[in-house]
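Visitor: The following block contains a protein sequence and its predicted model.
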Amino acid sequence: DLHKQYLESINITISEYILSKYFISEDIIQQGWIIVRNDFPLNLEPNIIQLLLWIYPKTSFCDNEIYEIIHDYINNNLFRSLDWIYFRNIPKFRSVPEIEHYHIFILWE
């Protein structure tokens with residue numbers, strides 16, 4: 001909430017902030033997505049890695065593609081865990097409703 005207030009005070013929306021922070025190259029924009037660590041993680045056990053998959057606006061992926069993006073990212077980044085889950089909040093609970101995004105939780109053993 002403090003970060004949102006700060007952004008409001010400098011007249012930047014949260015979606016503008018996300019786009020300018022993560023979609024910084026034409027390659028990432030063309031790819032249509034980026035996975036990053038969650039800067040505002042939930043209060044969970046310390047061995048749970050919390051990531052976010054941000055989808056560039058006007059880009060769309062089907063459910064199978066979302067799964068494959070996350071699965072490939074986890075495998076390619078050498079996370080040695082078989083236990084992971086992802087979800088997208090229902091609309092009323094989305095912190096950034098203008099940009100589609102998924103929460104990813106990886107159990108680090």
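Guide: Looks like it came in fine.
Visitor: Nearest residue to the middle of this protein?
Guide: The chain has Leu52 as the residue nearest its centroid, 2.1 Å off, counting by Cα atoms, centre = their mean.
Visitor: so which strand or helix has it?
Guide: Take DSSP states H and E as the rule and Leu52 turns out to sit in strand 48-55.
Visitor: Can you point out the buried residues in that strand?
Guide: Ile48, Ile49, Leu51, Leu52, Leu53, Trp54, Ile55 (16 or more other Cβ atoms under 10 Å). C-betas here are computed from N, CA, C, even on glycine.
Visitor: what mean pLDDT would you report for it?
Guide: Mean pLDDT, strand 48-55: 96.
Visitor: which residues of this protein score low on pLDDT?
Guide: Along the chain, the parts satisfying pLDDT under 70 run over 78-81.
Visitor: now the strands for this structure?
Guide: Assigned by DSSP state E, the chain shows strands spanning 33-37, 48-55, 84-87, 101-107.
Visitor: Ile74 is in contact with Ile85, isn't it?
Guide: No: assessed by Cβ atoms under 8 Å, Ile74 is found out of contact with Ile85, at 11.1 Å.
Visitor: And these two? Which one has more around it.
Guide: Legend: neighbour count by other Cβ atoms under 10 Å for Ile74 and Ile85, higher for Ile74 (20 against 11).
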